[in-house]
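Q: Any chance you could fold what I've pasted below:
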Amino acid sequence: MRVSFSQNQKNDPEVRSGVKIPYSPGKRKTSKLLWWSILAIVFTPLIVLLLNIFIDWIFVSSPGIISMDSFAITAPENGYVKEVYAKKGSDVDKGFVAMKLVREPSPELTDQIALMKAERDSLNLTLNTPAASPRNSTGLIEQNIEFYRKEAATVRRLMEQGAATRAELNLAESNLRSAMAERELILSAKADDSAERNTRSRLDYYNRGIEYLEGLTGSSVDVVIKKAGRIQSIEAFPGQSVNAGDDLIWIADPRTAKVIVYVAPENFEKIKLGSEVKVVFPGNLRGVKAIVEEMPTTSQSTPGGLGSRMLVSPRSVRVYLTLKESLPEERIVDGLPVKVEWGLRSFF
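A: Numbers count the residues shown, from 1 in each chain. Below you'll find the predicted structure:
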């Protein structure tokens, strides 16, 4: 086999086996452009990463959150939720009726009604049996007095919370006075008093008491907002049973909005009382101004998921900032992540 090499073909890339093949200069430019585009796509994330690390090193920043004071509205009594008028995220004023609860009869109330009905039936039997003498025992009367005293105290507490009216309190106190008057009537009854008149008086007392207690079963209680604010969450839904003291609604006060920032220990020197910083919101480079409210006293683990920095210290110092400018309405969100810019890093 003979192998020969042609110097002309080696020196002229446009000649193949003695045939001239013209290459278009435009095609070479397109290939170069595609090649540089591929390089740009591949190395752009790395460049952005290095740029962010460089910026975070030159400019000191810390992750933080927006925080608001919040409080819970609790169930005043045992019962179940009949209706919910509040809506999550809405602003409500003091006195707004957020829910309606329906009372569930307690075992104590059920037993009290049963005892009073038994006593009423006994008195009816006495009226139909003239030969028998009426009983003058005050045991049940004393029990009624104690029950009405507790009921009056409960209604008074509900009225202070805005969940009961003055009329309901007056009715509860009126029943307490009637029970005490009935006890005095029995204790002061004279021998010459008419037995039938005394029995009918007691019978009327028990009928009124039973009617009042049965009215408590299934009566409704309004859950009233005690302080204006924004509804954060609704913890109960229609038909849900609740016990006294259970959380029904959480309300936050937008006027108390502040910034809690978690500063890395190496940036502690930036924390100075009264110093001004910039609070930047996600997707918003303008930000608002804030000042250091008080010097920090607590170090803790840095909450996960905060900030956009690549390197976040596992430990941080918690700092409270007071806003010098009003927050945009759409940014007043409890727990909203923010970034606090402290300025240039000091290298000396």
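
Q: what number of residues lie near residue 333?
A: Using other CB atoms under 10 Å as the criterion, residue 333 is surrounded by 18 other residues. Bear in mind the C-beta positions are built from the backbone N, C-alpha and C, glycine included.

Q: what sits against the nearest residue to it once chain neighbours are set aside?
A: Closest residue in space to residue 333, ignoring its immediate chain neighbours: residue 66 at 6.2 Å, by CB to CB, 6 or more residues apart in numbering. Contacts of residue 66 were listed using CB atoms under 8 Å, 6 or more residues apart in numbering, and they are 257, 258, 259, 327, 331, 332, 333, 334, 335, 336, 338.

Q: Look at residue 66 and give its secondary structure.
A: strand (DSSP: H, G, I helix; E, B strand; the rest coil).

Q: What's opposite it in the beta bridge?
A: When bridges are called by DSSP bridges, residue 66 pairs up with residue 259.

Q: quick revisit: by neighbour count, which of the contacts of residue 66 wins?
A: Neighbour counts for the contacts of residue 66 were taken using other CB under 10 Å; the highest belongs to residue 338, with 24 neighbours.

Q: Is it bridged to anything, and to what?
A: Going by DSSP bridges, residue 338 is paired in beta bridges with residue 64.

Q: so which strand or helix has residue 326?
A: Assigned by DSSP states H and E, residue 326 belongs to neither a helix nor a strand.

Q: Any idea how many residues pack against the nearest residue to it once chain neighbours are set aside?
A: With sequence-adjacent residues excluded and distances taken as CB to CB, 6+ apart, residue 326 is closest to residue 288, at 7.9 Å. Residues lying near residue 288 (other CB under 10 Å) number 19.

Q: Contact partners for residue 288?
A: Applying CB under 8 Å, 6+ apart, one finds that residue 288 lies in contact with 278, 279, 323, 324, 325, 326, 327.

Q: do residue 40 as well
A: By CB under 8 Å, 6+ apart, the contact list for residue 40 is empty.

Q: element containing it?
A: Under the assignment given by DSSP H and E, the secondary-structure element containing residue 40 is helix 25-58.

Q: Could you pull up the mean pLDDT of that helix?
A: Helix 25-58 carries an average pLDDT of 77.

Q: From the chain's centre, how far out is that helix? Work that out for me.
A: 47 Å (CA atoms, centre = their mean, to the nearest Å).

Q: cool, stretch 273-288 as well?
A: Relative to its chain's centre, stretch 273-288 lies at 26 Å (CA atoms, centre = their mean).

Q: And that stretch, what's buried?
A: Buried residues in stretch 273-288, counting neighbours by 16 or more other CB atoms under 10 Å, are found at 277, 278, 279, 280, 281, 287, 288.

Q: Go through those residues and name the one with the lowest pLDDT.
A: In this model, the minimum pLDDT among the buried residues of stretch 273-288 belongs to residue 287 (82).

Q: ok, now how distant is it from residue 236?
A: To residue 236, residue 287 is 38 Å away according to CB to CB, to the nearest Å.

Q: pLDDT weak spots in the stretch 1-150 of the chain?
A: 1-19, 21-29, 55-57, 106-107, 129-138 (pLDDT under 70).

Q: so where do the strands sit in it?
A: Secondary structure of the stretch 1-150 of the chain (DSSP state E, counting those that start in this stretch): strands located at 15-16, 19-20, 59-67, 70-74, 79-84, 91-92, 97-103.

Q: Give the buried residues for the last one.
A: Spelled out, that is strand 97-103. Of the residues in strand 97-103, those scored as buried under the neighbour-count criterion (16+ other CB under 10 Å) are 98, 99, 100, 101, 102, 103.

Q: can you list contacts of it?
A: Residues outside strand 97-103 that contact it (CB under 8 Å, 6+ apart) are 73, 75-86, 92, 216-225, 231, 236, 242, 248-249.

Q: Would you list the phi and psi of residue 236?
A: For residue 236, the backbone dihedrals (degrees, to the nearest 10) come out as phi -130, psi 150.

Q: can I assume it is in contact with residue 83?
A: No. In this structure residue 236 lies outside contact range of residue 83 using CB atoms under 8 Å: 11.0 Å.

Q: And the two? Which one has more around it.
A: residue 236 (20 against 13).

Q: and that one, what pLDDT?
A: According to the prediction, residue 236 has pLDDT 88.

Q: Next, the buried residues of stretch 102-112.
A: Of the residues in stretch 102-112, those buried under the neighbour-count criterion (16+ other CB under 10 Å) are 102, 103, 105, 109, 112.

Q: Quick check: the first one vs residue 217, distance?
A: This points to residue 102. Note on residue 102: its distance to residue 217, by CB to CB, is 10 Å.

Q: if I pick the spatially most central residue of the chain, what's in contact with it?
A: The residue lying closest to the centre of the chain (CA atoms, centre = their mean) is residue 250, at 3.1 Å. Residues touching residue 250, when contacts are defined by CB under 8 Å, 6+ apart, comprise 70, 71, 72, 73, 231, 232, 233, 235.
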